[in-house]
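[1] sequence unavailable; structure follows:
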């Protein structure tokens, strides 16, 4: 039985993100949540996670805690047959709908050619599903996706995070083969 690859403190940030592109946005968010802002930094290509954290004043206990948290992100299971919102993302989306006077609208989820790595995600309002949409439902929110791109987006999880560096919806997509360091674009 083969063991799944895990994150170690001896890995560079670039190695971590490129080894796990389907989880790279969640991993990058975990790093920035603790105050490690070198995810898109040039040093991320040659400096280890441990070296970078020590250089920024973190201690071994904090390094071990982050490695443990990153590996728990890797262990989170993704349902490859659907597109989901986390409970937090669904609540935030419903709050935004209410503020915009768009109660009971759905979420349009797509991607488009853009960004430094090929494609970037698009989230928008969708009053009703269109004929060429596939409809998913998660936590009471309908998610509308064009049937022609479902294969690229299936299995994705949409989360909502808030932190010192801003707030927003973050997508984890098991179909992403590579992701840029800034976490804004991906390729398939």
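    Arrived safely, thanks for sending. Note that this is a predicted model, so its numbers are computed, not measured.

[2] please report the separation between the first and final residues of stretch 65-84.
    28 Å (CA to CA, to the nearest Å).

[3] oh, I was asking about stretch 50-68
    13 Å.

[4] and residue 128, what is it in contact with?
    residue 106 (CB atoms under 8 Å, 6 or more residues apart in numbering). C-beta: built from backbone N, CA, C; applies to glycine.

[5] show me where this protein has its helices.
    13-19, 24-33, 49-55, 60-75, 87-99, 150-153 (DSSP state H).

[6] let me have those helices in CSV, extended by distance to residue 119.
    Output for these, formatted as CSV (distance: least, CB to CB, whole Å):
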stretch, distance to residue 119
helix 13-19, 16
helix 24-33, 13
helix 49-55, 27
helix 60-75, 22
helix 87-99, 20
helix 150-153, 8
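
[7] including mean pLDDT, mean neighbour count and distance to residue 176, could these go into a markdown table?
    Output for those, formatted as a markdown table (pLDDT from 0 to 100; neighbours: other CB atoms under 10 Å; distance: least, CB to CB, whole Å):
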| stretch | mean pLDDT | mean neighbour count | distance to residue 176 |
| --- | --- | --- | --- |
| helix 13-19 | 87 | 19 | 11 |
| helix 24-33 | 81 | 21 | 7 |
| helix 49-55 | 91 | 18 | 21 |
| helix 60-75 | 94 | 15 | 14 |
| helix 87-99 | 96 | 16 | 18 |
| helix 150-153 | 94 | 16 | 9 |
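
[8] these: which one's closest to residue 137?
    For these, the distance to residue 137 is smallest for helix 87-99, at 10.1 Å, taking CB to CB.
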